[in-house]
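S.K.: No sequence on hand, only this structure:
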């Protein structure tokens, strides 16, 4: 027995050393194989080798892209909902004929987006901009009241307030007259008001579900992978999408306690089928019910001359699609880029793309809210914009109230609208839906809206940034370090 214990005592240090070396080697191989950022890879390798136990533990806890991995595992059984036959497909040749091959980057952008999204670019659409809840909510309620066959509604926030009750009442009435109604609310966003409106919708007979339902919606792992999409489709023919949730603060005419500016879009034409397709895929994942057939996907008639395509983005099979499209749009710009977003924390590549575009003479205008509902995001954003201003980008801060608008216009020919912000949470961690539109008329409309906002906005100058107190600049640069997580 003494010999046995002596063997264990002598062998144990060698065994522990072997396990540590093996763990270090395995971690180093994983870092080299899967960390694409050289700076991050070098940092993890250094931590692993100079502090083996701590470094290995920290890497396997925090260094792996668990968001993307978890999403792929969780969404592996999502059922793809096929679009019905659509005869309005627009080719690169048609885009080139419309905008010109030599003087426009739109054919190249169409080619890129076509390969990235694998969704068709469709003609025959009409898209109408709706300012704030003052215009959007009445139009949406009217569409619900006119629906005769089906209604689908997906939103991040559906507050149980005055306007939430109006939507609830309209949906309840639709169910009573025999309309098929499906409502999908994000499990975290559903709890922005108390009590949640989900129970009341359910009691009204509305088929309602929560996306990624959890008893504890504030747990860290469920704060990501949120469904941030805003989609409504009535009778499969009329769609609404943009940045607007359902909450009373969006109706400025009511003078709410917490007002916010926003923009939504009414869409008619074949591209509405792509809005419906995205909703149907989220619905079948959340409930197991597959929506198919003419009730949900009727044959579309031409409604206008706009060319548009839906872009679904999320940390699953759609990972990085929207980011690639935005990078491509910046790259093909010939004259101008205009951006409006409530949260501006672009990653290094997006910032570099904007700087390069500005340095090659592209006029870049970025519209950000002067007031914010997330202080740390605003501080980090203030630190990031300095390098863009130095490169020649023009940045304006809008007047109060908080501006939640999300738009991008390139060369007065291409518009990107939808739910995504210019931050990592939207472009990597949440599920978003946007629409790209190749149309000079819509571009003029959106630029007119941006012009109106800029009239009362304050231009940010380099002197404004450099004259800030050192404590403020230090605070902003500190929170900039956390920009991938804000």
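M.R.: Sure thing, it's come through. All figures in this text were calculated on a predicted structure; none of them were measured in a lab.
S.K.: And the average pLDDT for stretch 34-41 is what?
M.R.: The pLDDT scores in stretch 34-41 average 68.
S.K.: What's the end-to-end length of that stretch?
M.R.: One end of stretch 34-41 sits 9 Å from the other (CA to CA, to the nearest Å).
S.K.: any idea how the protein splits into domains?
M.R.: Domains of the chain are assigned by automatic domain parsing as 2-64, 89-96+123-308, 321-485.
S.K.: Residue ranges in the chain under the pLDDT threshold?
M.R.: Under the criterion pLDDT under 70, the flagged ranges of the chain are 1-15, 35-40, 44, 61-86, 214-224, 484-486.
S.K.: mind checking the longest strand of it?
M.R.: strand 122-131 (DSSP state E).
S.K.: So which bits of the following helix or strand past that one are buried?
M.R.: Sequence-wise, the next helix or strand downstream of strand 122-131 (DSSP states H and E) is helix 132-146. Under the neighbour-count criterion of 16 or more other CB atoms under 10 Å, helix 132-146 has 132, 133, 135, 136, 137, 140, 141, 143, 144 buried. Bear in mind the C-beta positions are built from the backbone N, C-alpha and C, glycine included.
S.K.: thinking again about what came up before, quick check: which of the domains of the chain is nearest to residue 110?
M.R.: domain 89-96+123-308 (4.5 Å; CB to CB).
S.K.: From one end of the closest one to the other, what's the distance?
M.R.: 10 Å.
S.K.: what's the burial count for the residue lying closest to residue 161 once chain neighbours are set aside?
M.R.: Nearest residue to residue 161, sequence neighbours excluded (CB to CB, 6 or more residues apart in numbering): residue 248, at 4.5 Å. By the criterion of other CB atoms under 10 Å, residue 248 has 20 neighbours.
S.K.: For residue 258, see how far away residue 248 is.
M.R.: Counting by CB to CB, to the nearest Å, the separation of residue 248 from residue 258 is 9 Å.
S.K.: Can you name the residues bridging to residue 232?
M.R.: Beta-bridge partners for residue 232, by DSSP bridges, are residue 153, residue 240.
S.K.: tell me the contacts of it?
M.R.: Contacts of residue 232 were listed using CB atoms under 8 Å, 6 or more residues apart in numbering, and they are 140, 143, 151, 152, 153, 154, 155, 239, 240, 241.
S.K.: Most neighbours out of the residues you listed, which is it?
M.R.: residue 154 leads those on contacts (other CB under 10 Å) with 29 neighbours.
S.K.: separation between it and residue 276?
M.R.: 10 Å.
S.K.: tell me, what residue is most central in the chain?
M.R.: Residue closest to the mean C-alpha point of the chain, counted by CA atoms, centre = their mean, is residue 420 at 2.6 Å.
S.K.: give me the element that one is part of.
M.R.: Using DSSP H and E, residue 420 falls within no helix or strand.
S.K.: Could you do residue 322 as well?
M.R.: For residue 322, the host element (DSSP H and E) is helix 321-332.
S.K.: Please compute how far that helix lies from its chain's middle.
M.R.: Here helix 321-332 is found 14 Å from its chain centre; the criterion is CA atoms, centre = their mean, to the nearest Å.
S.K.: between the helix or strand following that helix and helix 321-332, how big is the angle?
M.R.: Later in the chain than helix 321-332, the nearest helix or strand by DSSP H and E is strand 336-340. For strand 336-340 against helix 321-332, the angle by axes from the mean of the first three to the mean of the last three CA atoms, to 10 degrees is 150 degrees.
S.K.: what's next to strand 336-340, contact-wise?
M.R.: Applying CB under 8 Å, 6+ apart, the external contacts of strand 336-340 come out as 329-330, 354, 357, 362-368, 403, 405-412, 422, 446-447, 450, 453.
S.K.: make it 6 Å
M.R.: In this structure, residues lying in contact with strand 336-340 by CB atoms under 6 Å, 6 or more residues apart in numbering are 362-367, 405, 407-411, 450.
S.K.: Do you have the strands of the stretch 1-150 of the chain handy? List them.
M.R.: For the stretch 1-150 of the chain, the strands defined by DSSP state E, counting those that start in this stretch cover 122-131, 150-155.
S.K.: Reformat the ones you listed as a markdown table; add distance to residue 474.
M.R.: A markdown table is the format used below for the strands of the stretch 1-150 of the chain (distance: least, CB to CB, whole Å):
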| stretch | distance to residue 474 |
| --- | --- |
| strand 122-131 | 39 |
| strand 150-155 | 39 |
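S.K.: Just tell me which of the ones you listed ends up closest to residue 52.
M.R.: Closest approach to residue 52 among these is made by strand 150-155 (47.1 Å; CB to CB).
S.K.: Provide the secondary structure category for residue 280.
M.R.: helix (DSSP: H, G, I helix; E, B strand; the rest coil).
S.K.: That one touches residue 291, doesn't it?
M.R.: Yes. Judged on CB atoms under 6 Å, residue 280 makes contact with residue 291 at a distance of 4.4 Å.
S.K.: Give me the neighbour count for residue 177.
M.R.: Neighbourhood size, residue 177 [other CB under 10 Å]: 9.
S.K.: Residue 421: what's it in contact with?
M.R.: Applying CB under 6 Å, 6+ apart, the residues near residue 421 are 341, 343.
S.K.: and the gap between it and residue 406?
M.R.: For residue 421, the distance to residue 406 (CB to CB) stands at 6 Å.
S.K.: what touches both of the two?
M.R.: Jointly contacting residue 421 and residue 406 under the rule CB under 6 Å, 6+ apart are residue 341.
S.K.: so how far is residue 292 from residue 179?
M.R.: Distance from residue 179 to residue 292, by CB to CB: 17 Å.
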